[in-house]
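Novice: Output the structure for:
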Amino acid sequence: MTISKDKLHATHVLVVGDVMLDRYWYGAVDRISPEAPVPVVRVTREDERIGGAANVAYNLVTLGARSSLLTVVGDDEASHKLEALVAKTGIEAHFGRDAQLKTTVKLRVIGRQQQLLRLDFENTPKTEVLASQSATFSELLPSHHAVLFSDYGKGGLAHVSDMIAQARAAGKPILIDPKGTDYSRYQNASVITPNRVELQQVVGSWHSESELQTKAQNLREQLGLQAVLLTRSEEGMTLFDADGQISVSAQAREVFDVTGAGDTVIATLAAMVAAGMSLREALPLANRAGGLVVGKFGTATVSYEELFA
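Specialist: Below you'll find the predicted structure:
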């Protein structure tokens, strides 16, 4: 199923969640350190990209939809860099600032096309700043066709239950990329998109497809969700809804880097649902987008032309 570029451009998705700055240090690895048994990386190039919920919003824009981004950042060098990068993308940004917050930075050291090390810099935002975000959310909600919550467990979605209730009352589709073991906060959303590890943390492990179906459907019913979309890496993805389940096979020709693939999947799903497709209709397109993006390096995106080629 295809959708016109004009129809997609008329859709507006509100992305709420944790943003981060993805830093990459690339270098040559020629020797082992005399101080410890670790490689010495002679850094030759640095790169910075938007990550987390900002990457989700950017995926929406590159697909041809419009996206607004609601998030909390610090008042530090990383936040100003992030803001400058977001300003170049076409994302409509709404940054709440917390001077006590350290903007999340993920620094990856790359040598010989391989990630050698990742360093994370982060802490949790203050509740007052998050409360002001709730007011902004209420203002933005009416002008959007769908809401996407991108939870990276960094504390930016403390009020997610209230926001879901508002969005549901307004009749908006609600898509959630979940984190942690307490999914009760996502109650009454339209769809959640856990990967295998994330789902296992919540429902326990399964030993057969029928056991998985039972566990996923029980979770869906307990939380009052329309659907659970399980992303399964090389096994593709499976959508569990009131009509049963539907699976699609993985489409990646070559897996180069899985960084941000989940962002692309949920962004594509949100864009299509916001444009009027059902979750079942949008599923193959989200799967195709995920397959395309893992063939690229770093947090990458997919264009309209690539998706509908």
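
Novice: Make sure residue 150 is actually in contact with residue 14.
Specialist: No: under the criterion of Cβ atoms under 8 Å, residue 150 is not in contact with residue 14, lying 11.0 Å apart. (Each C-beta comes from the backbone N, C-alpha and C, glycine too.)

Novice: Pull the residues that contact the helix or strand bottoming out on mean pLDDT in the chain.
Specialist: In the chain, the helix or strand scored least confidently by mean pLDDT, DSSP states H and E is helix 127-140, which has a mean of 85. For helix 127-140, the external contacting residues (Cβ atoms under 8 Å, 6 or more residues apart in numbering) are 14, 16, 68, 70-72, 94, 96-98, 101, 155-156, 158-159, 162-163, 166.

Novice: Could you rerun that using 10 Å?
Specialist: 12, 14, 16, 68, 70-73, 92, 94-101, 124-125, 147, 155-160, 162-163, 166-167, 170 (Cβ atoms under 10 Å, 6 or more residues apart in numbering).

Novice: And the strands in the chain?
Specialist: Ranges of strands within the chain are 12-17, 19-32, 39-52, 66-73, 92-97, 105-111, 114-121, 146-150, 174-177, 191-192, 227-231, 237-241, 244-248, based on DSSP state E.

Novice: between those strands, which one is nearest to residue 59?
Specialist: strand 66-73 (8.4 Å; Cβ to Cβ).

Novice: tell me the angle of the closest one relative to helix 127-140?
Specialist: Here strand 66-73 runs at 170 degrees with respect to helix 127-140, directions being taken by axes from the mean of the first three to the mean of the last three Cα atoms, to 10 degrees.

Novice: before we move on, back to that, can you give me the buried ones in the least confident helix or strand of the chain?
Specialist: Neighbour counts over helix 127-140 (16 or more other Cβ atoms under 10 Å) mark 129, 130, 133, 134, 137, 140 as buried.

Novice: do stretch 203-215 as well
Specialist: Residues of stretch 203-215 classed as buried by neighbour count (16+ other Cβ under 10 Å): 203, 206, 212, 215.

Novice: Adding distance to residue 40 and pLDDT, write the residues you listed out as CSV.
Specialist: Putting these into CSV (distance: Cβ to Cβ, whole Å; pLDDT from 0 to 100) gives the following:
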residue, distance to residue 40, pLDDT
203, 44, 96
206, 44, 95
212, 45, 95
215, 47, 97
